[in-house]
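Undergrad: What follows is a predicted protein model with its sequence.
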Amino acid sequence: MTKQVLMLAGDGIGPEIVAEAQKVLNLLNERMSLGLVFDHALVGGAAIDATGGPLPEETMAKARGADAILLGAVGGPKWDALEMAIRPEKGLLGLRSGLELFGNLRPAILYPQLADASSLKPEIVAGLDILIVRELTGGIYFGQPRGVRTLENGERQGFNTYVYSESEIRRIGHVAFEAARKRGGKLCSIDKANVLEVTVLWREIMNDLAKEYPDVQLSHMYVDNAAMQLVKAPKQFDVLVTGNMFGDILSDEAAMLTGSIGMLPSASLNAEGKGMYEPCHGSAPDIAGQGIANPLATILSAAMMLRYSLQMEAPAQKIEQAVSVVLDQGFRTADIYSEGMKKVGTAEMGEAVVAALNELI
Ligand code: NAD
């Protein structure tokens, strides 16, 4: 049986890092007979240049037909002056909402080999393994009404709407409780229930859901405290669940605990387990085209894709093992480089993973 995988390289370093993930997937496909069939399409700035819009209908149709999607990154200064509705990021938001990818899983794992890469003291972060579950298709990023209006006194006013329905909170809650159940059994729900009514409801629903998961220990924390605790004592957390905007910010903070955003994969899932997989970082226009970007987050995103959407656990684990092997061997891209290690570029890092994988399968 074949599985359709849509590759969306996107902009900036996107094509460079997706090319390395493709090499890894090609090897597994061939050697482990995975039956993956790849297709490619345009999204973001590349799509704007070719078609005038960030999410062409052809791309959306291919995305709907695929079993899983691997995305590089979108955006860059070239398109920053465009009006909001046709900016590259709209392509990403359109895919997330069009495919109802409401559950964003963002692991923050500190590989023991990279403990020195974190800006925090090794004893605070060594062995860190947390999972942030972020609601991705609701909240203030999508709430209506939104815009910039002119008041009667002539002053302009920007406005957005922070809204969550009970069903939206419940479905992301289930994803988080299930994840906690499979991990350390601890779930911390992040809100701002002392100020925002929408998160008072969020907290109420999480408490309600907890009755269905007696094996999971639920706690609550205000988002400002969570931001502090993540740098003070991050290992107190197992799984965190939060809304779209808080999750956006906290997951980047958690990413930096690990030393490099270039190491972190992510998954965005819908109710059927179909997903879009992408590195947590953006298109890094400052280093695009130089061949120095770290492809490991994208390669690890491919592993998550095999695990969560394609039910191919064994090859997923092989990829993760291969990444650990290349770190043991001392290969480092510039973002994770430290004295005495072997500094390599994007393609060399991808080839090192392929070589390690070749030994493992
Ligand atoms: P960014 O993540 O692209 O870059 C932040 C810093 O991290 C930069 O110094 C960059 O060089 C570095 N970096 C990122 N990925 C790296 C990698 N794989 N290897 C080595 N270094 C890496 O964030 P930004 O600069 O805020 O955004 C740049 C563009 O990306 C913007 O247009 C933004 O809108 C877009 N963006 C896209 C996504 C996405 O596609 N999911 C996410 C965030 C930002």
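TA: Sure, I can see it.
Undergrad: The closest residue in space to A126 that isn't next to it in sequence - how many residues pack around it?
TA: Once flanking residues are discounted, A126 sits nearest to A115: 5.0 Å by CB to CB, 6 or more residues apart in numbering. C-beta here means a position set from N, CA and C on the backbone, and glycine is covered the same way. Neighbour count of A115, defined by other CB atoms under 10 Å: 18.
Undergrad: Quick one, grab the pLDDT at the residue of the chain most remote from its centre.
TA: No residue in the chain sits farther from the centre than N153, which is 42.9 Å out by CA atoms, centre = their mean. Note on N153: pLDDT of 98.
Undergrad: So what does it have for phi and psi?
TA: Taking degrees, to the nearest 10, you get phi -80, psi 0 for the backbone angles of N153.
Undergrad: again, but for the one 5 residues further on
TA: The phi/psi pair for G158 (degrees, to the nearest 10) reads phi -90, psi 140.
Undergrad: wait, doesn't it sit right on V148?
TA: Yes: between G158 and V148 there is a contact under CB atoms under 8 Å: 4.8 Å.
Undergrad: on that earlier part again, Validate this expectation: the residue nearest to A126 resides in a helix.
TA: Yes: judged by DSSP: H, G, I helix; E, B strand; the rest coil, A115 forms part of a helix.
Undergrad: And E253, how far from C280?
TA: 11 Å (CB to CB, to the nearest Å).
Undergrad: When those two are compared, which one has more neighbours?
TA: Shown here are E253 and C280; by other CB under 10 Å, C280 has more neighbours (23 against 15).
Undergrad: need the contact list for that one.
TA: Contact analysis of C280 by CB atoms under 8 Å, 6 or more residues apart in numbering lists R106, S251, D252, A255, I261, L264, P265, S266, A297.
Undergrad: so who does the closest residue to V325 other than its chain neighbours touch?
TA: Once flanking residues are discounted, V325 sits nearest to A356: 4.1 Å by CB to CB, 6+ apart. Neighbour list for A356: Q321, A322, V323, V325, V326, Q329 [criterion: CB under 8 Å, 6+ apart].
Undergrad: Write out the residues of the stretch 1-150 of the chain neighbouring the ligand.
TA: I13, I17, A73, V74, G75, G76, E89, L92 (CB under 6 Å from any ligand atom).
Undergrad: Looking at those residues, which is nearest the ligand?
TA: G75 (2.6 Å; CB to the nearest ligand atom).
Undergrad: can you tell me the residue of the stretch 101-250 of the chain closest to the ligand?
TA: Closest point on the stretch 101-250 of the chain to the ligand, by CB to the nearest ligand atom, is D248, at 9.1 Å.
Undergrad: Kindly report the same for the stretch 151-300 of the chain.
TA: G282 (2.4 Å).
Undergrad: I'd guessed that residue sits against A73; true?
TA: Yes: using CB under 8 Å, G282 is in contact with A73, at 5.1 Å.
Undergrad: neighbour-wise, which of the two wins?
TA: A73 (31 against 19).
Undergrad: Can you confirm whether the strand or helix carrying L357 lies near the ligand?
TA: Using DSSP states H and E, L357 sits in helix 346-360. No: on the criterion CB under 6 Å from any ligand atom, helix 346-360 is out of touch with the ligand, staying 8.1 Å away.
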